[in-house]
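Visitor: Whatever this is, show me its structure:
(one chain, ligands or ions: 3)
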Amino acid sequence: MQRGINRPAAQCGDKTTRMLTEETAKHAEKRVYVKSYGCQMNVYDAERMTDILDKEGYRPTERVEDADLVILNTCHIREKAAEKVYSELGRIRELKAERLAAGLSTRVVVAGCVAQAEGKEILRRAPAVDVVVGPQSYQNLPALLARAEKSRVIDTEFPVDDKFDALPAPTQARIQSRGVSAFVTVQEGCDKFCTFCVVPYTRGAEVSRPVAAVLAEVERLAQSGVREVTLLGQNVNAYHGLDASGATVNLAGLIVAIASVPGIARIRYTTSHPLDMDPSLAEAHRTIPALMPYLHLPVQSGSDRILAAMNRNHTVADYLRALDHIRSLRPDTVFTSDFIVGFPGETDEDFAATLRLVETVVYASAYSFKYSPRPGTPAADLPDQVPESVKDERLQALQAVITRQQRAFQESQIGQIVDVLVEKPGRRPGQMAGKTPHLLATAFDAPADLIGQIVSVEITAALTNSLIGRLHQPVRKSA
Ligand code: SAH
Ligand code: SF4
Ligand code: F3S
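Guide: Ligands and ions are numbered 1, 2, ... in the order given. This is a model prediction of the structure:
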């Protein structure tokens, strides 16, 4: 499954052939290889880093062995995610040595949330690393790389200036190469301090970008062919940006403004917190057709006792009320969530309550994770940690229910005629692929000039992770 704020990013270059071709040695242009772990905001940040480095003469490469500059954009959310970075750095150290033997230098940058959380530790454990830069400082990359010529550098400051002001606009060609669906960070950081979570420490306090800055970015994307924007924030529905008159605008207001940008046909937002589902946002689901009928609203647990221990500040009943309200305003809305099993003190009864909640809501899909104690977070110090074997059992049981619901949802699409935003060629020749309003990947035979159009597709089959359909006549082409 490839959805949600914390979806896994692209596979790393672990199977890379370490052959340094003559061609590699000869190319004059500098190359940058960026690998992102963790959430969609990291994907967005990786694009911004590529844009900054464009100006410095670096062109992106998919081949780590060709890279003069390697950037690992890291995630600290669970222990496994953080540890992956060190094993990848071990491989990069060998690669760096091989390239050096061939007369090529390689700079290695660790960016993202592990950089923020473990900056000094990275420099100590990974000798290959030249620069450590946190998520709030990557606009300084060119200066940091220049300083790294002399010695290893670390920048994990939370600057007072708006990072986004310092980021260059991507070129039209670069936007087009990224496709018709784009991420736009509108809010960053978190003030909620759930007791299990590192994000408030790695991303800092909640900051919202001004409305005009977001609109300018969306307009530029739309002028280069982008049709769908996903507004990103660790707590995106806590958005409170300023407009030109200095008044505060909430997420609903921002969505209304974005919906009027010519070319933008679809708007999504992620990740939301149940506490910030205010009435105006729910109302936007009813009144803004471009706002897709899909809501990722993580609940984490179905037990009030555990929700309180997690510092989520709402009950299961509050959550269900929020979902019901959206459903009453926009009945075709589907819901997805994140769950944590084995939070300290979680009993069989607590876990049974989570299963009951899942059966009550009926999700289109959901992520579930075993609780991972994170250094510096309050829950890591709680006494009654749940044994790994119990977490394993609970995860399996929960995933069985979620998979069943996901499958049922996909199968319910068979025979329906749905709007698909055509994104790219499909796997098979002659096939195109895109997404339905409910974010289901769909493949169907169609001409390539449909990319960027919204077409009617009749769904004929449901595979494990995608739907198959055929163009429905007449094909409704959007402007
Ligand atoms: N801001 C979002 C979530 C960001 S982190 C929210 O409030 O829901 C993405 C998901 O990772 C979380 O929803 C949670 O399910 C999971 N997660 C966060 N910390 C975790 C931890 N310590 N162990 C296991 N899963 C965790
Ligand atoms: Fe983490 Fe909670 Fe903030 Fe989400 S709301 S980022 S889970 S602290
Ligand atoms: Fe991971 Fe940081 Fe995102 S910890 S989930 S990359 S905000």
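Visitor: how long is stretch 304-324 end to end?
Guide: Using C-alpha to C-alpha, to the nearest Å, the end-to-end distance of stretch 304-324 comes to 18 Å.
Visitor: change the start of the numbering to 20 and stick with it
Guide: Fine by me, first position is 20 from now on; the one you just mentioned is stretch 323-343.
Visitor: What parts of this protein come near ligand 1?
Guide: 24-25, 96-97, 215-216, 218, 253-254, 290, 292, 317, 319, 357, 359, 388, 390-391, 393 (C-beta under 6 Å from any ligand atom). For glycine as for every other residue, the C-beta is placed from the backbone atoms N, C-alpha and C.
Visitor: Let's see that with 8 Å instead.
Guide: 23-25, 58, 96-97, 209, 211, 213, 215-218, 253-254, 290-292, 317, 319, 357-359, 386-393, 396, 398 (C-beta under 8 Å from any ligand atom).
Visitor: Any of those buried? List them.
Guide: Buried subset of these (neighbour count, 16 or more other C-beta atoms under 10 Å): 23-25, 58, 96-97, 209, 211, 213, 215-218, 253-254, 290-292, 317, 319, 357-359, 386-391, 393, 396, 398.
Visitor: circling back: in strands, which of the residues of the chain next to ligand 1 appear?
Guide: 357-359, 386-389 (DSSP state E).
Visitor: Just the CA coordinates for stretch 194-203, please, in PDB.
Guide: Presented in PDB, the C-alpha positions along stretch 194-203 are these (Å, rounded to 0.1, in the frame of the first residue of the first chain):
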ATOM      1  CA  ILE A 194       7.500  20.400 -12.500                       C
ATOM      2  CA  GLN A 195       6.400  18.500 -15.600                       C
ATOM      3  CA  SER A 196       8.800  15.700 -14.900                       C
ATOM      4  CA  ARG A 197       7.100  15.200 -11.500                       C
ATOM      5  CA  GLY A 198       3.700  14.600 -13.000                       C
ATOM      6  CA  VAL A 199       0.200  16.000 -12.700                       C
ATOM      7  CA  SER A 200      -0.300  15.400  -9.000                       C
ATOM      8  CA  ALA A 201       1.900  17.400  -6.600                       C
ATOM      9  CA  PHE A 202       2.500  17.800  -2.900                       C
ATOM     10  CA  VAL A 203       2.400  21.300  -1.300                       C
END
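Visitor: chain center to it: distance?
Guide: 14 Å (C-alpha atoms, centre = their mean, to the nearest Å).
Visitor: which residues are in contact with it?
Guide: 59-60, 62-63, 66, 189, 233, 236-237, 239-240, 243-251, 285, 440-443, 454, 470-471 (C-beta atoms under 8 Å, 6 or more residues apart in numbering).
Visitor: From these, which land in helices?
Guide: 59-60, 62-63, 66, 233, 236-237, 239-240 (DSSP state H).
Visitor: PyMOL command to pick out the buried ones of the contacts of stretch 194-203?
Guide: In PyMOL syntax, the buried subset of these is picked out as below (16+ other C-beta under 10 Å):
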select buried, resi 59+60+62+63+66+189+233+236+237+239+240+243+244+245+246+247+248+249+250+251+285+440+441+442+454+470+471
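Visitor: Out of the ones in helices among the contacts of stretch 194-203, which comes closest to residue 52?
Guide: residue 66 (14.0 Å; C-beta to C-beta).
Visitor: Could you count how many residues lie near residue 180?
Guide: 8 (other C-beta atoms under 10 Å).
Visitor: Over to it. Which of the three states is it?
Guide: coil (DSSP: H, G, I helix; E, B strand; the rest coil).
Visitor: now it: how far from ligand 1?
Guide: 25 Å (C-beta to the nearest ligand atom, to the nearest Å).
Visitor: returning to what we had before: intersect the ones in helices among the contacts of stretch 194-203 with the contacts of ligand 3.
Guide: Within the ones in helices among the contacts of stretch 194-203, those near ligand 3 by C-beta under 8 Å from any ligand atom are residue 60.
Visitor: mind listing what the nearest residue to residue 369 once chain neighbours are set aside touches?
Guide: Spatial nearest neighbour of residue 369, chain neighbours left out: residue 322 (3.7 Å); criterion: C-beta to C-beta, 6 or more residues apart in numbering. Remark: with contacts taken as C-beta under 8 Å, 6+ apart, residue 322 is in contact with 335, 365, 368-370, 372-373.
Visitor: got it, and residue 270?
Guide: 205, 250, 255-258, 288, 300, 303.
Visitor: other SSEs contacting the helix or strand encompassing residue 89?
Guide: For residue 89, the host element (DSSP states H and E) is strand 88-93. Helices and strands touching strand 88-93, by 3 or more C-beta pairs under 8 Å, 6 or more residues apart in numbering; DSSP states H and E, are strand 49-55, helix 59-74, helix 98-120, strand 126-130, helix 131-144.
Visitor: got a markdown table for those, with distance to residue 379 and mean pLDDT too?
Guide: Putting the helices and strands packed on strand 88-93 into a markdown table (distance: least, C-beta to C-beta, whole Å; pLDDT from 0 to 100) gives the following:
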| stretch | distance to residue 379 | mean pLDDT |
| --- | --- | --- |
| strand 49-55 | 35 | 96 |
| helix 59-74 | 28 | 95 |
| helix 98-120 | 30 | 94 |
| strand 126-130 | 40 | 98 |
| helix 131-144 | 33 | 95 |
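Visitor: between those, which one is nearest to residue 163?
Guide: Closest to residue 163 of the helices and strands packed on strand 88-93 is strand 126-130 (C-beta to C-beta; 7.8 Å).
Visitor: Relative to ligand 1, how far out is the residue nearest to residue 369?
Guide: 15 Å.
Visitor: what's the answer for residue 238, then?
Guide: For residue 238, the distance to ligand 1 - C-beta to the nearest ligand atom - is 27 Å.
Visitor: where does the residue nearest to that residue when sequence neighbours are not counted fall, helix, sheet strand or coil?
Guide: Counting by C-beta to C-beta, 6+ apart, residue 238 lies nearest to residue 280, which is 5.6 Å off, once chain neighbours are set aside. Following three-state DSSP, residue 280 is assigned to coil.
Visitor: if we can go back for a sec, where does the residue nearest to residue 369 land on pLDDT?
Guide: Model confidence at residue 322, expressed as pLDDT, equals 98.
Visitor: okay, and for the chain, where does confidence drop off?
Guide: By pLDDT under 70, the low-scoring segments of the chain are 20-47, 493, 495-498.
Visitor: got the residues of it near ligand 3?
Guide: 24-25, 56-58, 60-61, 92-96, 100, 131-133, 135, 154, 217-218, 221-222, 253.
Visitor: related to what we said a few turns ago, I'd like the helices and strands packed on strand 88-93 laid out as a markdown table, including distance to residue 448.
Guide: Compiled in a markdown table, those are given as follows (distance: least, C-beta to C-beta, whole Å):
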| stretch | distance to residue 448 |
| --- | --- |
| strand 49-55 | 29 |
| helix 59-74 | 28 |
| helix 98-120 | 34 |
| strand 126-130 | 38 |
| helix 131-144 | 37 |
